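**Student:** One predicted model, sequence on top.
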Amino acid sequence: NAGVTQTPKFQVLKTGQSMTLQCAQDMNHEYMSWYRQDPGMGLRLIHYSVGAGITDQGEVPNGYNVSRSTTEDFPLRLLSAAPSQTSVYFCASSPTGTGGFQPQHFGDGTRLSIL
Amino acid sequence: SQQGEEDPQALSIQEGENATMNCSYKTSINNLQWYRQNSGRGLVHLILIRSNEREKHSGRLRVTLDTSKKSSSLLITASRAADTASYFCAEKRAQKLVFGQGTRLTINP
């Protein structure tokens, strides 16, 4: 059971480039989310999805797009990378889309540097 | 929205000692969760405590919840070197899970 898989693990981009961070889970979880983690800031929610076809914004959505065409996949797109987006990005999933929150399962992160 | 706060931000103790971390949160919660993050890895869920529970145990971990004070604490007993990690509390707000900034725990041999 792979759990939550994030690719790539590391990436360096130039300012203005675009890219997609991949996230896949094999647990049939309804809820998926993306966080960024910066030193001294904890984890901040970027976007989340309560099920296939449904997405919504978190605390820091600007500069990022998401889609949820399948239950398994929840890619995060950087439209035009900026140095302020240098961070570690985590994808998480949990069984429940609404109501009480179940424990989140995290991937190991993507370390992204924007030059 | 502001995140909850953990206290202390960093804690260094000797192996075998107990470690206590505190978390204050903002809203009326359904549940509060604690996570551990080892260096370079994703977060791992430790304990979920519901709003109608006051204390919960899991092995060497004990979590307490005081809803009147909007606070929770995580106690790790008989600490080990492998407990060195960052620990986060997280509260549910609508459809979002909001994390605190974490406590960095170092266990010295």
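**Tutor:** Here it is on my side, so go on.
**Student:** Any buried residues in stretch A:81-100, and which?
**Tutor:** Across stretch A:81-100, burial judged by 16 or more other Cβ atoms under 10 Å in any protein chain shown covers A:Ala81, A:Gln85, A:Thr86, A:Ser87, A:Val88, A:Tyr89, A:Phe90, A:Cys91, A:Ala92, A:Ser93, A:Ser94, A:Gly97. In short, each C-beta sits where N, CA and C put it, glycine included.
**Student:** In terms of helices and strands, where is A:Arg44?
**Tutor:** Element membership for A:Arg44, per DSSP states H and E: strand A:42-51.
**Student:** related to what we said a few turns ago, sort out for me which of the buried residues of stretch A:81-100 are in strands.
**Tutor:** A:Ser87, A:Val88, A:Tyr89, A:Phe90, A:Cys91, A:Ala92, A:Ser93, A:Ser94 (DSSP state E).
**Student:** Close to chain A: what parts of chain B are there?
**Tutor:** B:1, B:3, B:30-31, B:33, B:35, B:40-45, B:48, B:50, B:88, B:90, B:92, B:95-102 (Cβ under 8 Å from any Cβ of the partner chain).
**Student:** and those residues, which are buried?
**Tutor:** By 16+ other Cβ under 10 Å, those give B:3, B:31, B:33, B:35, B:42-43, B:45, B:48, B:88, B:90, B:92, B:95-102 as buried.
**Student:** So in chain A, where's the weakest helix or strand by average pLDDT?
**Tutor:** strand A:42-51 (a mean of 92; mean pLDDT, DSSP states H and E).
**Student:** Low-confidence regions, chain B specifically.
**Tutor:** Along chain B, the model assigns pLDDT under 70 to residues B:1-4.
**Student:** So the least confident helix or strand of chain A, near chain B or not?
**Tutor:** Yes. Using Cβ under 8 Å from any Cβ, we find that strand A:42-51 touches chain B at A:Gly42, A:Leu43, A:Arg44, A:Leu45, A:Tyr48, A:Val50.
**Student:** any idea which of those residues is closest to B:Glu17?
**Tutor:** Nearest to B:Glu17 among the residues of strand A:42-51 next to chain B is A:Gly42, at 25.5 Å by Cβ to Cβ.
**Student:** I figured that closest one hits B:Arg104, correct?
**Tutor:** No. Using Cβ atoms under 8 Å, A:Gly42 makes no contact with B:Arg104, being 11.5 Å away.
**Student:** Would you state the strands of chain B in chain order?
**Tutor:** Applying DSSP E to chain B gives strands spanning B:5-7, B:10-14, B:19-24, B:31-37, B:43-50, B:55-58, B:61-66, B:71-76, B:85-93, B:96-99, B:103-108.
**Student:** can you tell which of the ones you listed is closest to A:Asn28?
**Tutor:** strand B:43-50 (17.7 Å).
**Student:** Who are the packing partners of the closest one?
**Tutor:** strand A:105-106, strand B:31-37, strand B:55-58, strand B:61-66, strand B:71-76 (3 or more Cβ pairs under 8 Å, 6 or more residues apart in numbering or on different chains; DSSP states H and E).
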